[in-house]
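Trainee: Generate coordinates for the sequence data below:
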Amino acid sequence: MSGSPPPEGGFVRRVGLFQATAINMSQMCGIGPFVTIPLMVAAFGGPQAVVGFVAGALLALADGLVWAELGAAMPGSGGSYVYLRQAFQYRTGKLMPFLFVWTAMLFIPLIMSTGVVGFVQYLGYLTPHLSRTAGDLTGLGIIALVVLLLWRGIENIARITAVMWAVMITSVLLVIIAAASEFSPHLAFTYPAHAFELTSGHFWLGFAGGLTIGIYDYLGYNTTAYMGAEIKDPGRTLPRSIIFSILGIMAIYLLLQIGTLGVVDWHRMTDPNDIASTSVASAVLEKTWGKGAADTVTVLILITAFASVFTGLLGGSRVPYDAARDRVFFRPYGTLHPRHRFPMLGLATMGVVTAIGFLIGRHTDLATLIQLLTTVMVLVQALAQIAAVTVLRGRQPGLRRPYRMWLYPVPSLVALVGWLVIYGYADKNSPGRHPIEWSLGWLALGCVAFLVWARLEKVWPFGPKEIVEEYLAAPEAEPASA
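Mentor: A predicted model of the protein is given here:
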C-alpha cells in the first residue's frame with residue numbers, strides 16, 4: 001500500500017531538513033499573502049490586522065504538532081490518508097480515509113482556484129480595463145493551460161519547483177524592501193478607536209474571519225508529511241521542518257503585512273474601487289519605486305500564482321490515485337495515462353472543480369471561497385486528525401513514536417478550539433453564503449458515495465473489516481529521536 005513503510009526498490013529517503021523546510025515554505029507562500037492582506041484589514045477594520053497573521057501562526061503551530069507526532073510515527077506516503085486509515089479502521093473500516101479523499105477532491109482544487117482568482121486580480125493592475133467577462137475567460141484559460149501542460153507528462157519537476165521558489169522569494173523580498181524604503185510608522189501603527197476592545201462582538205467576529213484568512217495563508221506546513229516515505233530520519237526531520245517553516249513564514253508575513261500598512265493607507269485596501277484592494281503589492285511598488293517597478297513585480301506575482309496552481313494540481317491529482325490503488329476509493333481513479341503515466345481522472349476532476357471554484361470566487365468574493373474551502377477541510381482532516389492522535393495513543397500504545405507532542409494534550413486542544421472557531425463563525429463571516437451547510441452537504445454526499453463504493457467492493461459495512469496495524473508491526477527503520 002502507498003502508506004506503508006517503503007519496501008526495497010520503493011521510495012528513497014533522500015530529503016533532509018533544509019530541503020524539507022524549503023518544500024514546506026514554498027507551498028505555504030504562493031499567491032496567498034499578496035491577495036489576503038486587504039481581506040485581513042477588512043476583517044479587522046484597521047492595521048490591527050497583524051493580529052490575524054499571528055493568530056494564524058499560533059493555530060498552525062498547534063496543528064503542526066499534531067501532524068508532527070502522526071508523521072514521525074507513520075512516515076509513509078499519503079499524510080492524512082494514512083493517519084486516518086490507521087486510527088479509525090477499528091470501528092468504521094475504510095470510511096474515514098475514503099471521506100478524506102472525497103473532501104480533498106474538493107478543498108485541494110478550491111485552494112488552487114484562489115490562486116487563479118489572485119492571478120486575475122493582479123492581471124487587472126497591468127490591464128486596468130479588463131472586463132469581468134474577459135477576466136473570467138482568462139482565468140478559465142489559465143486552468144485549461146495548466147491541465148494541458150500536466151496532461152502531457154512532466155519531466156524535471158524539481159527544476160520547476162526551484163524556479164517557483166526563486167520567483168516567489170524574489171517577489172516577497174522586493175515588496176518588503178520597497179516598503180521599508182518609505183515606511184511610515186504613523187500609517188502602520190495608528191489604530192481606529194476601540195480597535196482592541198475585547199468586549200466587543202465586532203472584534204471577535206473580525207478575529208474569527210482573520211483567523212480563517214491567516215490559517216489559509218499558512219496552509220502547506222504539512223507538505224513534508226505527505227512525503228514521509230522520502231524524508232531522511234523522519235522522527236527528527238518531519239517535526240523540525242514543520243516548526244521551522246511556520247516560524248520562517250510568520251516572520252516573512254509580518255514584515256510584508258506591517259511594511260505594506262506603512263506605505264498604503266489601510267482605508268484604500270477596503271475600497272473596492274481602489275487598486276490597493278485587489279493588487280496591494282503593486283500599489284506598494286508604484287508608490288515607492290514607480291510604475292515600472294510595480295509592473296515588473298506584478299509579472300513576478302503572476303508567475304508565482306501560475307506556478308502555485310501548476311504544482312498544486314500536480315500533487316493533488318495523485319491523492320485519489322493513491323487511494324484507488326490501495327482499494328480505498330473508486331477504482332477508475334487508479335488508472336494511469338497509457339503513455340505519460342499520470343492519473344487522468346484525478347487531474348480532470350480537479351481541473352473541473354478548480355474552474356467551478358474560480359467562478360464562485362469571481363462572482364461572490366475571495367473571502368467566501370476561502371471560507372468554503374476551510375469549512376470543508378476542517379471536519380475530515382483537521383478535527384479528525386486531532387482525534388486520531390488520541391485514538392492511536394489508546395489503540396496502539398506500542399506504536400513507535402520518535403516524536404511526542406510537547407505538553408500533550410494542550411496543543412491538540414488549542415488546535416481544536418481554533419478550528420472550531422473557524423468553523424462555527426463561517427456563516428457569520430459569510431452571510432447568505434452558508435459555507436457550513438455546503439460542507440455538511442458535501443460530507444453527507446461523501447457518506448452516500450462510500451456506501452455505494454463499499455457495496456461494490458464488499459467491505460465494511462457490507463463485508464468484514466480489514467485491520468492492518470502495519471506501522472505497529474513494522475521493524476524500526478530509523479533511530480529513535482527525542
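
Trainee: CA only for contacts and neighbour counts going forward, please
Mentor: Will do.

Trainee: low-confidence ranges in the stretch 101-250 of the chain?
Mentor: Along the stretch 101-250 of the chain, the model assigns pLDDT under 70 to residues 152-162.

Trainee: what about the helices in it?
Mentor: 132-151, 157-181, 185-189, 201-218, 234-261 (DSSP state H, counting those that start in this stretch).

Trainee: buried sites along the longest one?
Mentor: By neighbour count, and taking 16 or more other C-alpha atoms under 10 Å as the criterion, the buried residues in helix 234-261 are 234-247, 249-250, 252-261.

Trainee: what's the very next helix or strand once past that helix packed up against?
Mentor: Sequence-wise, the next helix or strand downstream of helix 234-261 (DSSP states H and E) is helix 266-269. The contact analysis (3 or more C-alpha pairs under 8 Å, 6 or more residues apart in numbering; DSSP states H and E) places helix 266-269 against helix 32-44.

Trainee: What sits closest to Val309 if chain neighbours are left out?
Mentor: With sequence-adjacent residues excluded and distances taken as C-alpha to C-alpha, 6 or more residues apart in numbering, Val309 is closest to Met112, at 5.1 Å.

Trainee: burial of His202, as a residue count?
Mentor: Using other C-alpha atoms under 10 Å, His202 is surrounded by 14 other residues.

Trainee: Roughly how far does it sit from Leu140?
Mentor: Here the criterion is C-alpha to C-alpha, to the nearest Å. By it, His202 lies 37 Å from Leu140.

Trainee: again with Leu373
Mentor: The spacing between Leu373 and Leu140, counted by C-alpha to C-alpha, is 19 Å.

Trainee: repeat for His194
Mentor: His194 is 43 Å from Leu140, by C-alpha to C-alpha.

Trainee: okay, those two: which has more neighbours?
Mentor: Higher neighbour count among His194 and Leu140: Leu140, with 21 against 10, using other C-alpha under 10 Å.

Trainee: need the contact list for that one.
Mentor: Applying C-alpha atoms under 8 Å, 6 or more residues apart in numbering to Leu140 gives the contacts 355, 358.

Trainee: one step back: the helices of the stretch 101-250 of the chain into JSON lines, with extra columns for distance to Gly292?
Mentor: Compiled in JSON lines, the helices of the stretch 101-250 of the chain are given as follows (distance: least, C-alpha to C-alpha, whole Å):
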{"stretch": "helix 132-151", "distance to Gly292": "23"}
{"stretch": "helix 157-181", "distance to Gly292": "13"}
{"stretch": "helix 185-189", "distance to Gly292": "25"}
{"stretch": "helix 201-218", "distance to Gly292": "28"}
{"stretch": "helix 234-261", "distance to Gly292": "18"}
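
Trainee: Determine which of those helices approaches Asp322 most closely.
Mentor: Closest of the helices of the stretch 101-250 of the chain to Asp322 is helix 132-151, at 17.5 Å (criterion: C-alpha to C-alpha).

Trainee: Can you list the buried residues in the closest one?
Mentor: 135-136, 138-140, 142-144, 146-147, 150-151.

Trainee: do the same with stretch 227-235
Mentor: 227-235.

Trainee: and that stretch, C-alpha only, in CSV?
Mentor: Provided in CSV are the C-alpha atoms of stretch 227-235 (Å, rounded to 0.1, in the frame of the first residue of the first chain):
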residue,chain,number,x,y,z
MET,A,227,6.3,12.8,1.6
GLY,A,228,7.1,10.8,4.7
ALA,A,229,8.5,7.9,2.7
GLU,A,230,11.1,10.1,1.2
ILE,A,231,12.3,12.0,4.3
LYS,A,232,15.6,11.2,6.0
ASP,A,233,15.3,10.4,9.7
PRO,A,234,11.6,11.4,9.7
GLY,A,235,11.4,11.2,13.5
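
Trainee: and that stretch, how far from the chain's centre?
Mentor: 20 Å (C-alpha atoms, centre = their mean, to the nearest Å).

Trainee: so the helix or strand containing Leu420 versus helix 201-218, what angle?
Mentor: Assessed by DSSP H and E, Leu420 sits inside helix 410-424. Helix 410-424 runs at 110 degrees relative to helix 201-218, counting by axes from the mean of the first three to the mean of the last three C-alpha atoms, to 10 degrees.

Trainee: Following element in sequence after helix 410-424, please.
Mentor: Downstream of helix 410-424 (by DSSP H and E), the next one is helix 426-429.

Trainee: can you list contacts of that following helix?
Mentor: Outside helix 426-429, the residues that touch it by C-alpha under 8 Å, 6+ apart are 205, 208-209, 371, 375, 433-436.

Trainee: And for stretch 124-136?
Mentor: By C-alpha under 8 Å, 6+ apart, stretch 124-136 touches 120, 275, 279, 282, 295, 298, 359, 362.

Trainee: Gly32: which of those residues is nearest?
Mentor: Compare each of the contacts of stretch 124-136 with Gly32 using C-alpha to C-alpha and the shortest gap goes to Ser279, at 11.9 Å.

Trainee: What distance do you get for the closest one to Gly52?
Mentor: Applying C-alpha to C-alpha, the value for Ser279 to Gly52 is 20 Å.

Trainee: these two touch, right, Met96 and Phe88?
Mentor: Yes. Contact status for Met96 versus Phe88: in contact at 6.7 Å, counting by C-alpha atoms under 8 Å.
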